[in-house]
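**Student:** Fold the following for me, if possible:
(chains A and B)
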Protein chains: 2
Amino acid sequence: MGRGERLSEFARALERELRRLELKAQRAIVAVSGGSDSVALLLGLDELAKSGRLGFELIVAHLDHSLRPESGQEASRVAALATELGYECEIERIAVAQVAAEIKDNVEQVARRLRYEFLSKAARKHMAELIIVAHTMDDQAETVLLRLIRGSGAEGLSGMARTRALGPGLWLVRPLLGWARKRDTEAYCRARRVEFVVDAWNEDERFARVRVRRQLIPLLETFNPKIVETLSRTADLLREDDAALDEEAERWLKRAGCEDQTVALRVEIVKEAPAAIRRRVLRRWIEINRGHLRRIELVHIEAVEKLLEGERGGRVAELPGGAEIERRRGLLYFRQKEVEKGAMEI
Amino acid sequence: MGRGERLSEFARALERELRRLELKAQRAIVAVSGGSDSVALLLGLDELAKSGRLGFELIVAHLDHSLRPESGQEASRVAALATELGYECEIERIAVAQVAAEIKDNVEQVARRLRYEFLSKAARKHMAELIIVAHTMDDQAETVLLRLIRGSGAEGLSGMARTRALGPGLWLVRPLLGWARKRDTEAYCRARRVEFVVDAWNEDERFARVRVRRQLIPLLETFNPKIVETLSRTADLLREDDAALDEEAERWLKRAGCEDQTVALRVEIVKEAPAAIRRRVLRRWIEINRGHLRRIELVHIEAVEKLLEGERGGRVAELPGGAEIERRRGLLYFRQKEVEKGAMEI
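**Tutor:** All right, here's what the predicted structure looks like:
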């Protein structure tokens, strides 16, 4: 293949986005489930690689979730495609449903967590700096709508980011998110005559995401045929808003912190911050002290905000997982109660 | 009626919200269309007034839009209700459809503009400091969804504000927005045995708002039965975000301005601002120079942002209504071309 003159439309759009993202890497893990999105992602990256336009090596990775009888066969197909294209392939099989049952957690969430653990492990093994995943603009619109439905501020409504740090030297990259529709990935797979799997889960209307895709988005399209693009743009705007507010909140947090700058916060400074900043200061402070924000909802932040009211303190707000925040002598103190701390770490 | 002990639930909720809004006024215009929302608003305010719990006098105002044959009769009913309750009543009749046809504008928008002009005139005549309107939480949810569908950032998605300055010493107040559902206003009117009008326009599915109410919200309720409350809360959060970012943008605008602080902006400073702030600086700067932001869309702001790129300038971005922005010698200049300016002022 010549250097670019015969690139498909899909590969050229992918190349533009990769340039825009200014990625620096030697090696990248491409997550391939076998669906049209990830197969198109692999084929597009492969076009760029074969025409010398990709700055990094590719390693294909596939996690067999063992959630369907045909999953083993699908894993073999991904492996065969990778081999045919000339890439190394990491395949692992995990009984996701069993793990979920054992730890009594939601199958979808457990699958997601195990998948990212598997991909990170593959990245470490191959010393890859990137994990490339195939979320499309349709996935983004669904995410925005799901968060809107569940209730969310700018952070949630900004959907998925095009790139996200996963750890030191490791980035998650979504190079289809900003431009590719699912119909584009399907059309491109067909044009390349490569088969893809249609996941039966994607058709199961017991899942909210599937109902968003099959009922809500079609209704919204009767108002605005470009609703998916519109929601994606809104997510971008809100992500920029949220980032600017987070930056500002970091400055306030520095001003409000005392002692080692984390355990105690000065009430009179936090009170002064505009509401949007104040909430972010408290969230960030809780995240630093607690190590994460899991199960922290708006109601918890509001409970802490209530501690700021009035002149005198001495009251306590409870957080999920056995942490609490106390107001005492003009300061907010974070405390993790030991008993529950153990329980959290399962 | 005793002082409060026999207040209805509706009037008590209304009182709580009025207190929360900390209104200072001698007199208020209550806009009453005759629908359940505004009739309930009037009845609720009346309960508070009669039990000595309202700090200001009420004047009822009704604009007959002449859009339906029965509108004259409805105006008479509003007048009769006001008189029966013991309030002065301002009624005016305008042939809205005719005005809209003459200036070739959308009937809904012309109706809205004429209504606010009428209410402001009534406020001036009675030296009222408040115009109280009856938008409910349902209206807020519809507004948020309409803006989401049309494409919007935080400003649009924050919906309607509970209070808004209309001019020096005049505030628009929406004391039902934060808590009342349409079904609450209907139930309260029925409990008080006062009839209300059902506007046929509210049933006409050619209007996007009606389809949002009758198709989209019911579908969203199958995901989250509290979707209206959820959207209202999201609007509140985004309004606070937007306000904090606007404040920050004002500071950047001061830093970036030069000469008389408005005509020219320093490119190198505007470039430095985070994207979310930069867009707001440019919008606000255009608003100051142009007098308003009508017809300014995101694409126009993005065109101005493009002028900031690169090291050298000398390029121009056109704005609707014959204004343009030029980059020259490290500055952005705003220019209103005279010819189109006249055309704008219709």
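**Student:** Spell out which parts of the stretch 201-346 of chain A neighbour chain B.
**Tutor:** A:208, A:211-212, A:215-216, A:219-220, A:222-224, A:227, A:230-231, A:233-234, A:237-238, A:240-245, A:247-248, A:274-277, A:279, A:298 (Cβ under 8 Å from any Cβ of the partner chain). (Glycine included, C-beta is placed from N, CA and C.)
**Student:** swap the cut-off to 7 Å and go again
**Tutor:** Proximity of the stretch 201-346 of chain A to chain B (Cβ under 7 Å from any Cβ of the partner chain) is limited to residues A:208, A:215-216, A:219-220, A:223-224, A:227, A:230, A:233-234, A:237-238, A:240-241, A:243-245, A:247-248, A:274-277.
**Student:** Do a quick rundown of the helices in the stretch 51-200 of chain A.
**Tutor:** A:71-85, A:96-102, A:107-126, A:137-150, A:154-157, A:182-191 (DSSP state H, counting those that start in this stretch).
**Student:** Rebuild these as a markdown table, extending it with mean neighbour count and mean pLDDT.
**Tutor:** Shown next, in a markdown table, are these (neighbours: other Cβ atoms under 10 Å in any protein chain shown; pLDDT from 0 to 100):
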| stretch | mean neighbour count | mean pLDDT |
| --- | --- | --- |
| helix A:71-85 | 17 | 95 |
| helix A:96-102 | 15 | 91 |
| helix A:107-126 | 17 | 93 |
| helix A:137-150 | 22 | 97 |
| helix A:154-157 | 24 | 94 |
| helix A:182-191 | 18 | 97 |
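**Student:** Quick one: closest of the ones you listed to residue B:145.
**Tutor:** helix A:137-150 (9.0 Å; Cβ to Cβ).
**Student:** Which neighbouring elements make contact with the closest one?
**Tutor:** helix A:154-157, helix A:208-211, helix A:227-256 (3 or more Cβ pairs under 7 Å, 6 or more residues apart in numbering or on different chains; DSSP states H and E).
**Student:** Highest mean neighbour count out of the ones you listed?
**Tutor:** Ranked by mean neighbour count under mean count of other Cβ atoms under 10 Å in any protein chain shown, the helices and strands packed on helix A:137-150 are led by helix A:154-157, which reaches a mean of 24.
**Student:** For stretch A:274-288, what does the pLDDT average out to?
**Tutor:** Mean per-residue pLDDT for stretch A:274-288: 93.
**Student:** Which residues does that stretch contact?
**Tutor:** Residues outside stretch A:274-288 that contact it (Cβ atoms under 7 Å, 6 or more residues apart in numbering or on different chains): A:245-246, A:248-249, A:252-253, A:256, A:262, A:265, A:270, A:273, A:293, A:296, A:301, A:304-305, A:319, B:240-241, B:243-244, B:247.
**Student:** Hmm, residue A:112 and residue A:96 touching each other?
**Tutor:** No: taking contacts as Cβ atoms under 7 Å, residue A:96 lies outside contact range of residue A:112: 9.6 Å.
**Student:** just to revisit the earlier point, which of the helices of the stretch 51-200 of chain A sits closest to residue B:150?
**Tutor:** If we rank those by Cβ to Cβ, the stretch that ends up nearest is helix A:137-150, at 14.9 Å.
**Student:** What angle do helix A:227-256 and that closest one make with each other?
**Tutor:** 60 degrees (axes from the mean of the first three to the mean of the last three Cα atoms, to 10 degrees).
**Student:** tilt between helix A:137-150 and helix A:182-191?
**Tutor:** 150 degrees.
**Student:** in chain A, which residue is closest to the centre?
**Tutor:** residue A:160 (5.2 Å; Cα atoms, centre = their mean).
**Student:** Tell me who's in contact with it.
**Tutor:** A:135, A:140, A:143, A:174, A:177.
**Student:** Could you do residue A:90 as well?
**Tutor:** Counting by Cβ under 7 Å, 6+ apart, residue A:90 has contacts A:59, A:61, A:122.
**Student:** Does the first one have any beta-bridge partners, and if so which?
**Tutor:** So that's residue A:59. residue A:29, residue A:88 (DSSP bridges).
**Student:** Give me the pLDDT value at it.
**Tutor:** 98.
**Student:** Outline the domain layout of chain A.
**Tutor:** A:9-228, A:259-344 (automatic domain parsing).
**Student:** which one of the ones you listed is the most hemmed in?
**Tutor:** domain A:9-228 (a mean of 18).
**Student:** Please measure how far the first residue of it sits from its last one.
**Tutor:** 20 Å (Cα to Cα, to the nearest Å).
**Student:** give me every residue that touches the residue lying closest to residue A:264 once chain neighbours are set aside.
**Tutor:** Leaving aside its sequence neighbours, residue A:264 sits nearest to residue A:331 (Cβ to Cβ, 6 or more residues apart in numbering or on different chains; 4.4 Å). Each residue near residue A:331 by Cβ under 7 Å, 6+ apart is listed here: A:264-267.
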